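Visitor: output the structure for:
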Amino acid sequence: MSFLQHLIIDQYGAYVGKHSESLKITKGKKILAESPLLYLETVTIANRGVSISAAAWLEYYHNSAEPDVSPVTIQSVDTD
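Guide: Here you go, the predicted structure:
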């Protein structure tokens, strides 16, 4: 079984939450992706309409290989 190492969330209205020892990405009631924190190397939030829970952020941050560097990237999106 393969797990996601690099997660990019770019759908407006998506939500990143912590579920047990995993990050779960949902939009409404639909699950878009789920990956154990153990395997995730990067998370990129690429849309202003994406929400992330504090629990998900902190759990991912504390499980990252380089805790001095934030493994979550937030990209700016042009609105023009």
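
Visitor: how many other residues sit next to Thr26?
Guide: By other Cβ atoms under 10 Å, 16 other residues sit near Thr26. Bear in mind the C-beta positions are built from the backbone N, C-alpha and C, glycine included.

Visitor: any idea which helix or strand carries it?
Guide: Taking DSSP states H and E as the definition, Thr26 sits inside strand 22-27.

Visitor: next, the buried residues of that strand.
Guide: 22-26 (16 or more other Cβ atoms under 10 Å).

Visitor: equivalent analysis for stretch 41-59, please.
Guide: Quick answer for stretch 41-59 (16+ other Cβ under 10 Å): 43, 45, 50, 52, 56-57, 59.

Visitor: please work out the average pLDDT along that stretch.
Guide: In this model, stretch 41-59 carries a mean pLDDT of 86.

Visitor: now the end-to-end length of that stretch.
Guide: 13 Å (Cα to Cα, to the nearest Å).
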